[in-house]
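Colleague: got a sequence here, can you build the structure:
(one chain, ligands or ions: 1)
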Amino acid sequence: MPRFKERAAQPSTNALNSESVDPDHTTLIAKRYLISRKLGRGSFGTIYLVQDIKAAAGDRLKVLKEIPVGGLKPNETVQANQEAQLLSQLHHPAILKFYTSFLERDSFCIITEYCEDRDLDCKLEEQRAAGSWLLEAQVTEWLIQLLLGVHYMHQRRILHRDLKAKNIFLKKNIVKIGDFGVSCLLMGSCDLATTFTGTPYYMSPEALSQQGYDAKSDIWSLGCVLYEMCCLAHAFEGHNFLSVVMKIVEGESPCLPERYSAELNTLLQRMLVKDPGSRTSAAEALRSKYIEENMQSIKHKFSSMTLQDRTSGGDQDAAQILKAMQRKVHLQTLQQRAEVQKMTPRERMRLRKLQAADEKARKLKQLAEEKYQENCLRMRELRCRHFQTVTVDVLTDTREERAINLHQPAPPLDSHSAGPAGSVGDEIAAQLCRPDLMESDIPEDPLTAEAYYYEDGFESCSEEEEDEMEENEKDMKDEDESNMEREAYDTFSHTYGQDGDLEAMVWHMENVLDSDPTGAGAEEIQPSPRGPGHINTTMARSRIQRMREAVTQRLGEDVFQRVYNYLREARRRRESELDVREALSRMVERPSDCFEVDQLLYYEEQLQEAQGGS
Ligand SMILES: Nc1ncnc2c1ncn2[C@@H]1O[C@H](COP(=O)(O)OP(=O)(O)OP(=O)(O)O)[C@@H](O)[C@H]1O
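Modeller: Numbering: from 1, shown residues only. Have a look, this model is predicted:
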């Protein structure tokens, strides 16, 4: 029984069960997310629009994907959290931002960016309904963004496994691929992820014939999306699950209609090559002449759009200057980066240590300055108060007492604090200030504080430590690059809001266009095959259960059971597609409605096999 139904029975305690459960929208999830409304239901869980009350204004709308997981084992949770941590560190304008994930009341929750313009599937449906086509310029613009996003993820060894129009979102005409890397995170085992998350129409021949899944399989799916953008229909259609599978594995790849250029069609053919070894990669596709030429013009278009936005209602010169400054900062960063890359690992490590020391010294100096100012203020106050006391004493004390007060200064504390001819007030103030100094151990003088840190901290790094650190050099370099990307992305998105995506896209296009044209160093790293991995049968079962419920609802309990029993036997007897279609048309009005029953049987078979093999 899925969680949602269980939850509906106890509305007062759950915010995640339906649109109406939390009418006041007052229940906080994970202490920061307020449900605004339900967006839809997917094959794994339900999607909600939420308000992140801890986010900055203007950045509050996010999406919560709630996936019922039942009793996940602790090791499954740990693995999911590690994967989630990795995904949250990725930043690309064409990749739907994955913020975080957590477990809440037996549900695995994922928080992502919200795309108000819905998904590509909806967009294509609108075109179909209006009887119109997408212009090639629009198709190419989206395709380039998709290739950039896929290339970025493949370089980081992350596969999608379920690329389809429904997983591509639109935000102010920028496309964003959702659920990248999420299938493995949910399924625990990547093999099982391919089987249970892939959508048949987009699955590659090698994935369907169980010959493995790699980066090229994602490219096949992207080819299917390209075809769909041009023809508003699936690249491989069929009346039932098996006929679609047969067309993908054995049939001819379709061509684009003549209203699209031969170059775009050639690219499609390269993406739909049956043999994954001969199929194009995202990096190769991005280096093709057709894509490069279009990328140049899209880059100029995006650059001028951001410039225009900033100039509307503002000073054009200022925007030009801002743009030039941005470019300069970008170039300086690249230049500095190039210089750093020329250094030996040891030099780079020293530079890093110096930079870290500089930063700490700067902070200490700032702290010392603040303390210094604070002490000066307190000294002035004390002097002032003492002066008042002395004045009062002068009026009230006896003559002898006055003599002690005025002519016998207190013994100096030490040469440092007493001062050459310190007055009584100075001495008392010094005495009172001293405990502060001893307490913090930070020299009062800002310059001394700076030197103090270098003496104390920097030299304490031994050569052995340096050697050890050198081993981590590559990891740190990768981290640096990823930090740079994140900083660039954060700067773009925080400074320019929606424009940030355009700016970031231009930045990524420039990187691809400026990269070595021979392709050296641009090779995509094949995603690392994971070990056998445990099989998250809970997720697979939950996926099957949800599918069964959805089909039963559509066909009705009785019809579903009849179709299910018939298809199971027919598949076992290997009946021909024609016989199956005829038999199904006697049971239901539209045999195509049984597509998912077929798929369900396939899933059940796969799960049984996986369990037997695990
Ligand atoms: N980040 C998002 N921004 C806006 N709408 C979203 C977002 N994520 C999902 N949706 C919407 O929520 C609904 C369900 O989405 P979800 O991705 O779970 O299901 P799906 O794509 O239909 O199926 P599957 O689970 O097989 O991918 C869809 O209508 C989708 O457009």
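Colleague: C-alpha only now, for contacts and for neighbours.
Modeller: Will do.
Colleague: doesn't residue 502 belong to a helix?
Modeller: Yes - judged by DSSP: H, G, I helix; E, B strand; the rest coil, residue 502 forms part of a helix.
Colleague: excluding chain neighbours, what is closest to it?
Modeller: Closest residue to residue 502 in three dimensions, ignoring its sequence neighbours and counting by C-alpha to C-alpha, 6 or more residues apart in numbering: residue 302, at 5.9 Å.
Colleague: tell me which element that neighbour is part of?
Modeller: Using DSSP states H and E, residue 302 falls within helix 289-311.
Colleague: what is that helix packed up against?
Modeller: Helix 289-311 makes packing contacts with helix 136-155, helix 316-342, helix 499-514 when contacts are defined by 3 or more C-alpha pairs under 8 Å, 6 or more residues apart in numbering; DSSP states H and E.
Colleague: where does the stretch 1-150 of the chain have low pLDDT?
Modeller: The stretch 1-150 of the chain contains residues with pLDDT under 70 at 1-26, 70-79.
Colleague: the ligand contacts on that one?
Modeller: For the stretch 1-150 of the chain, the residues in contact with the ligand under the definition C-alpha under 6 Å from any ligand atom are 39-44, 47, 63, 112-116, 118-119.
Colleague: go with 5 Å
Modeller: The stretch 1-150 of the chain has residues 39-43, 114-115, 119 near the ligand, with proximity defined as C-alpha under 5 Å from any ligand atom.
Colleague: quick one on the thing from earlier: got the contact list for the residue nearest to residue 502?
Modeller: Shown in contact with residue 302 (C-alpha atoms under 8 Å, 6 or more residues apart in numbering): 502-503, 506.
Colleague: could you dump those residues into CSV and include distance to the ligand?
Modeller: As requested, the contacts of residue 302 are exported to CSV (distance: C-alpha to the nearest ligand atom, whole Å):
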residue, distance to the ligand
502, 18
503, 21
506, 22
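Colleague: returning to what we had before: give the buried residues for the helix holding residue 302.
Modeller: For helix 289-311, the neighbour count (16 or more other C-alpha atoms under 10 Å) marks 291-292, 295, 298-299, 302-303, 306-307, 310 as buried.
Colleague: pLDDT averaged over stretch 206-220 - what is it?
Modeller: Stretch 206-220 shows a mean pLDDT of 89 in the predicted model.
Colleague: how about it as CSV, C-alpha atoms only?
Modeller: Extracted C-alpha coordinates of stretch 206-220, given in CSV (Å, rounded to 0.1, in the frame of the first residue of the first chain):
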residue,chain,number,x,y,z
GLU,A,206,22.0,-1.9,-26.0
ALA,A,207,20.0,-1.1,-22.9
LEU,A,208,16.9,-3.1,-24.1
SER,A,209,19.0,-6.0,-25.1
GLN,A,210,20.7,-5.9,-21.7
GLN,A,211,24.2,-5.2,-23.2
GLY,A,212,25.1,-2.5,-20.7
TYR,A,213,24.4,1.2,-20.4
ASP,A,214,26.9,3.9,-20.9
ALA,A,215,27.2,7.6,-21.9
LYS,A,216,26.3,6.7,-25.5
SER,A,217,23.0,5.3,-24.3
ASP,A,218,22.1,8.8,-23.0
ILE,A,219,23.0,10.2,-26.4
TRP,A,220,20.5,7.7,-28.1
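Colleague: pull out the buried residues from that stretch.
Modeller: Going by neighbour count (16+ other C-alpha under 10 Å), the buried part of stretch 206-220 is 206-208, 213-220.
Colleague: done for today, thanks.
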